[in-house]
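>>> structure, please.
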Amino acid sequence: MSNSFSNKHLSFYVVGLSYKKADAETRGRFSLSAEAKNKLLRQAKEEGIENIIVVSTCNRTELYGFAQHPFQLIKLLCDNSQGTVEDFQKVAYVYKNREAVTHIFKVGTGLDSQILGDFEIISQIKQGFTDSKKIGLANAYLERLTNAVIQASKRVKNETEISSGATSVSFAAVQYIMNTIENIGTKNILLFGIGKIGRNTCENLVKHTKNDHIVLINRTQEKAEKIAGKFNLVVKNYSNLQEEIQKADVLIVATGAQNPTIDAKILNLKKELLILDLSIPKNVDENVKENQNVTLLHMDYLSQITDETIEKRKQHIPAAEKIIAEIVEEFSSWTKARKFAPTIHSLKEKLATIKKSELNYQRKKIENFNEEQAEIISNRLIQKITTHFANHLKHEDTMVDESIEWIEKVFQLND
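Residues are numbered from 1 along each chain as shown. Coordinates of the predicted model:
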């Protein structure tokens, strides 16, 4: 396998598309199933691409890899998905070398996610690397890069608040319920209607409260039984609605009707009731607030909580970027050092050869030649000279490839 560091014709690229410019339909055409990813990796191997990572989620599809030209990677993506090169050109992006590295760090730390601070993608990057490594398509560079991105993701998560607070209405609803109702695990929850947000709220409640007092009512009982089976909920008939509302401590309305499905007439309360209306348009009549036992919360209030969360998260972007810059710098130094290490090693050997022949010459000319001192001084000089070259090559403004070429020419290292 050729070394991607020393091969001057290979560059590191990211080619891909995301929610930013590609709509859901276009993203769907370019998405890759597990089987398609495997086919892509096998094709990459056949076509001489030796190092590549593939990531495909509902929000993005990206290939990270070494190639002579980005089109080699674009072709792999189009060959193994429903997408065309024409579609790709309309919505895609291509990043090279340093820009490509910065991009993968932004993706892995949630800065490029559709919901700022969402870290779901890091597990996909890990998986992508594991899949490639299994079949020998991930070199030391990709391994080091993946580990650096994982490290950045952990630090951003632990050292900033970029992923704090609720970002989905269903999660905001659950947080509100858990913060407002004491001992929620012992309370009765009634879910009326099975709109998507209501179902998600219900699922989150089951997860977070282990509540076995959740009752589900829907106009079509059959639909309710399908959903209930998933979460192990009790289903009651629509005719029992009034009776179940009287037992409930929390009523979640997710009915999706055009007119209110709950109003003051249906309530006959003997205790406090929290009502969450998660329907658009509103399905709970405002007149329920005339009952002193009722607290009513609308979808728009919960949406506001999630909007505020995103605004708060934005304040932590500079702190996250600082962490990323630090780790990218470390990675960049490692990359440069790895690139020029063979040259410095060859330079040391060349200087050692010059030293050897010079000491042989001086040994014959000088009486009482001090072997030990000559060794110490010449070794120290070699060390100082090679350190100077290494520092020059490490410097961020250095054109590493060009400098290596000159050093090799001047000292005739390839002879």
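>>> OK, contacts around Arg27?
Leu17, Ser18, Tyr19, Cys58, Asn59, Arg60, Thr61 (Cβ atoms under 8 Å, 6 or more residues apart in numbering). (Each C-beta comes from the backbone N, C-alpha and C, glycine too.)
>>> what bridges to the first one?
Right, the one you point to is Leu17. According to DSSP bridges, the residues that bridge with Leu17 are Thr61.
>>> what's the following helix or strand after the helix or strand hosting Lys384?
Following DSSP states H and E, one finds Lys384 within helix 371-394. Sequence-wise, the next helix or strand downstream of helix 371-394 (DSSP H and E) is helix 400-410.
>>> that next one packs against which elements?
Using 3 or more Cβ pairs under 8 Å, 6 or more residues apart in numbering; DSSP states H and E, the elements in contact with helix 400-410 are helix 317-365, helix 371-394.
>>> got the angle for the first one vs helix 371-394?
It stands for helix 317-365. Between helix 317-365 and helix 371-394, the angle comes out at 150 degrees (axes from the mean of the first three to the mean of the last three Cα atoms, to 10 degrees).
>>> average model confidence for helix 317-365?
Averaging pLDDT along helix 317-365 gives 91.
>>> figure out how far that helix is from the centre of its chain.
Relative to the chain's own centre, helix 317-365 is displaced by 33 Å; criterion: Cα atoms, centre = their mean, to the nearest Å.
>>> that one vs helix 400-410, what angle?
If you take the same axes, to 10 degrees, helix 317-365 sits at 0 degrees to helix 400-410.
>>> same for helix 317-365, what does it pack against?
Short answer (3+ Cβ pairs under 8 Å, 6+ apart): helix 317-365 packs on helix 97-108, helix 140-159, helix 371-394, helix 400-410.
>>> give the buried residues for the second one.
For helix 140-159, the buried set under the neighbour-count rule, 16 or more other Cβ atoms under 10 Å, comprises Tyr141, Leu142, Leu145, Thr146, Ala148, Val149, Ile150, Ala152, Ser153, Arg155, Val156, Lys157.
>>> ok, those vs Lys45, which is closest?
Nearest to Lys45 among the buried residues of helix 140-159: Leu142, at 14.4 Å, using Cβ to Cβ.
>>> contacts only, for that closest one.
Asn51, Ile53, Tyr64, Phe129, Ser132.
>>> now intersect those with the helices, please.
Secondary structure defined by DSSP state H assigns Phe129, Ser132 of the contacts of Leu142 to helices.
>>> what's the most distant pair in the contacts of Leu142?
So, these by Cβ to Cβ: farthest apart are Asn51 and Phe129, at 10.6 Å.
>>> between these two, what contacts are shared?
Joint contacts of Asn51 and Phe129 (Cβ under 8 Å, 6+ apart) are Ala138, Leu142.
>>> starting at the chain centroid, how far to stretch 30-46?
For stretch 30-46, the distance to the chain centre is 20 Å (Cα atoms, centre = their mean).
>>> that one: which residues count as buried?
Buried residues in stretch 30-46 (16+ other Cβ under 10 Å): Phe30, Ser31, Leu32, Ala36, Lys37, Asn38, Leu40, Leu41, Ala44.
>>> stretch 340-347 now?
Phe340, Thr343, Ile344, Leu347.
>>> which one of those is nearest Leu76?
Phe340 (30.7 Å).
>>> contact partners for the residue nearest to Leu10 when sequence neighbours are not counted?
Residue nearest to Leu10 in three dimensions, not counting chain neighbours: Phe66, with 4.6 Å by Cβ to Cβ, 6 or more residues apart in numbering. Phe66 makes contacts with Ser4, Leu10, Ser11, Phe12, Tyr13, Ile49, Glu50, Asn51, Ile52, Tyr141, as judged by Cβ under 8 Å, 6+ apart.
>>> what about the strands in the stretch 151-300 of the chain?
189-192, 214-217, 234-235, 250-253, 273-277, 294-298 (DSSP state E, counting those that start in this stretch).
>>> how about this protein, which residue sits the furthest from its center?
Glu367 (69.6 Å; Cα atoms, centre = their mean).
>>> format the strands of the stretch 151-300 of the chain as a markdown table; extra columns: mean neighbour count.
Output for these, formatted as a markdown table (neighbours: other Cβ atoms under 10 Å):
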| stretch | mean neighbour count |
| --- | --- |
| strand 189-192 | 26 |
| strand 214-217 | 22 |
| strand 234-235 | 16 |
| strand 250-253 | 26 |
| strand 273-277 | 24 |
| strand 294-298 | 18 |
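>>> need these in a markdown table with distance to Glu225 and mean pLDDT, can you?
Below are the strands of the stretch 151-300 of the chain laid out as a markdown table (distance: least, Cβ to Cβ, whole Å; pLDDT from 0 to 100):
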| stretch | distance to Glu225 | mean pLDDT |
| --- | --- | --- |
| strand 189-192 | 13 | 92 |
| strand 214-217 | 8 | 90 |
| strand 234-235 | 5 | 88 |
| strand 250-253 | 18 | 94 |
| strand 273-277 | 23 | 94 |
| strand 294-298 | 28 | 93 |
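>>> which one of those lies nearest to Tyr93?
strand 294-298 (39.0 Å).
>>> just the buried residues of the helix or strand of the chain with the lowest mean pLDDT, please?
Every helix and strand in the chain was compared by mean pLDDT, DSSP states H and E; the lowest is helix 221-231, with a mean of 78. Within helix 221-231, the residues that count as buried by 16+ other Cβ under 10 Å are Ala224, Ile227, Ala228, Phe231.
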